[in-house]
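>>> Could you work out the structure for the sequence below:
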Amino acid sequence: MNHFTGIVIVALFASTMPRAFAQTTDASPWQANRELVTKLSEKQPEFIYEEDKVPEFDLPPVLESSTESPQHWTSVTRPKLLQQFRDHVYGNRPDTKHSVSTRQVKTVSNAFDGKATGHQMEMTVSIGDRQFSFPFVLMTPNQSKQPTPAVVFINNRSQLSLDDVVAESDTFWPARTLIERGYATASFFTSDVDPDDKDRYSDSIRSFFANGEFPSQKSWGSLSAWGWAASRMLEQLAAQPSVDADRIAVVGHSRGGKTALWAAAEDDRFAAVHSNESGCGGAALSRRQFGESVARITRVFPHWFCRAFTAYSDNESELPVDQHQLIAILAPRGVYISSADEDLWADPHGEYLALVHSAPAFELLGQAAITQTSMPPIDQQRVRGKTGYHVRSGPHNLTPFDWDMFLDFTDTLFVR
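Below you'll find the predicted structure:
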């Protein structure tokens with residue numbers, strides 16, 4: 001049996017919730033398919049896919065005390081947690097003085113049957129006489145009568161040109177859907193900013209900022225670099241007269257989902273975040289060691305994190321933070337986590353539990369949050385206050401269903 005001190009913590013701080021917020025238990029909460037669990041356990045016996053093999057663990061608390069005030073959280077606890085994540089997981093971004101400029105490469109004013117204007121853009125970062133450039137695409141609605149919300153999409157799958165987007169060649173970033181639902185949107189390809197390859201550091205924006213010097217133990221990894229680029233997309237959207245700068249969300253899938261969480265942690269201008277199937281180093285609790293572990297992810301993708309994170313390989317209990325605290329840092333903004341039924345590598349249960357255990361921060365700041373420990377049924381959305389979750393049938397992917405669930409969430413969050 002697993003020992004969750006975090007469950008006790010949630011119960012302690014949830015005890016003061018108004019009765020109107022009481023939650024009921026679903027008749028058929030999601031559970032992993034037994035045949036799939038057996039298959040994966042036999043194929044990869046070195047990884048955990050059985051709940052009864054999850055080690056016992058204690059979760060570090062979200063709040064420092066049961067009497068913590070919102071002011072103490074904002075001025076002391078939250079900054080402390082944020083710095084711990086910088087020092088031990090994602091790394092510290094450089095404070096090097098630099099400038100950012102953009103150049104419009106191409107415009108299509110009648111995209112999606114005249115509903116949108118698309119811009120092929122190039123962003124250039126300058127430090128002295130050195131420059132680093134990468135492309136991005138920005139789409140704005142043509143028919144909105146008032147400033148619209150917007151979505152920054154962290155595209156970790158492929159580079160899409162404006163022509164690709166207008167031709168609707170890919171549903172991974174469904175720009176037409178976003179436009180038709182009243183959202184502006186911008187996206188960049190992660191490897192254009194920081195190559196997703198541990199052997200290509202010299203081509204990365206991290207190397208550019210460091211002027212080629214090798215990263216230190218606590219220097220930023222690729223996830224943080226991609227998150228930095230997401231903030232630059234937010235600024236580009238916020239500069240559009242047709243966009244409401246106070247209603248910009250960030251979305252990512254898999255490693256992009258990890259990035260979305262960290263981008264929003266580092267930049268509180270993001271009003272909401274959707275982390276889809278982000279797993280280890282994303283929404284899933286590290287201490288569960290379920291599916292992908294810290295040891296495996298830092299061995300195969302060491303460039304994603306700061307070098308210090310490798311110290312917690314097969315040593316998660318010594319990690320000073322866990323992912324429920326990362327989600328807590330995002331409070332009281334909108335947080336939506338989603339998983340996939342067949343994606344046990346990303347630990348759907350661990351992703352959901354992290355959201356549940358982040359609740360004390362939301363409640364402290366006056367927001368209701370999901371606290372029900374049993375998961376919702378498959379393909380059913382659960383929303384409470386500023387938090388939302390679903391587990392979708394199918395494999396690891398970002399699908400139109402996932403997008404629709406998140407946009408339903410943000411429609412309500414942004415009072416549309």
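>>> quick one: low-confidence ranges for this structure?
Applying pLDDT under 70 to the chain picks out residues 1-27, 416.
>>> ok now the longest helix along it, how far from the chain's centre?
The longest helix of the chain (DSSP state H) is helix 222-238. Its chain's average C-alpha position is 12 Å from that of helix 222-238, according to Cα atoms, centre = their mean, to the nearest Å.
>>> other SSEs contacting the following helix or strand past it?
Using DSSP states H and E, the next helix or strand after helix 222-238 towards the C-terminus is strand 243-253. Packing partners of strand 243-253 (3 or more Cβ pairs under 8 Å, 6 or more residues apart in numbering; DSSP states H and E): strand 148-155, helix 222-238, helix 255-266, strand 272-276, helix 400-413. Where C-beta positions appear, they are placed from N, C-alpha and C, glycine not excepted.
>>> can we see that at 6 Å?
Judged by 3 or more Cβ pairs under 6 Å, 6 or more residues apart in numbering; DSSP states H and E, the packing partners of strand 243-253 are strand 148-155, helix 222-238, helix 255-266, strand 272-276.
>>> can I get the ones you listed in TSV with mean neighbour count?
Rendered in TSV, the data for those read as follows (neighbours: other Cβ atoms under 10 Å):
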stretch	mean neighbour count
strand 148-155	27
helix 222-238	24
helix 255-266	28
strand 272-276	29
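>>> Export these as TSV, with columns for distance to Ser65.
Output for the helices and strands packed on strand 243-253, formatted as TSV (distance: least, Cβ to Cβ, whole Å):
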stretch	distance to Ser65
strand 148-155	36
helix 222-238	30
helix 255-266	22
strand 272-276	27
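>>> burial count for Asp164?
15 (other Cβ atoms under 10 Å).
>>> On the three-state scheme, it is what?
Look at Asp164: counting by DSSP: H, G, I helix; E, B strand; the rest coil, its state is helix.
>>> how near is it to Thr140?
Taking Cβ to Cβ, to the nearest Å as the criterion, Asp164 is separated from Thr140 by 18 Å.
>>> now swap in Thr373 and tell me
In terms of Cβ to Cβ, Thr373 sits 42 Å off from Thr140.
>>> ok, the two, which is more surrounded?
Thr140 (22 against 16).
>>> got the contact list for the more buried one?
117, 184, 240, 242 (Cβ atoms under 6 Å, 6 or more residues apart in numbering).
>>> How about the contacts made by the last one?
The one in question is Ser242. For Ser242, the contact set (Cβ under 6 Å, 6+ apart) comprises 140, 144.
>>> Run through who's touching stretch 390-408.
30, 172, 174, 181, 253, 274, 276-277, 336, 338-343, 348, 378-379, 381.
>>> Among these, which ones are in helices?
Per DSSP H, the subset of the contacts of stretch 390-408 in helices is Pro348.
>>> And the buried ones among the contacts of stretch 390-408, selectable in ChimeraX?
Buried members of the contacts of stretch 390-408, defined by 16 or more other Cβ atoms under 10 Å, are picked up in ChimeraX with:
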select :30,172,174,181,253,274,276,277,336,338,339,340,341,342,343,348,378,381
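>>> No further questions, thank you.
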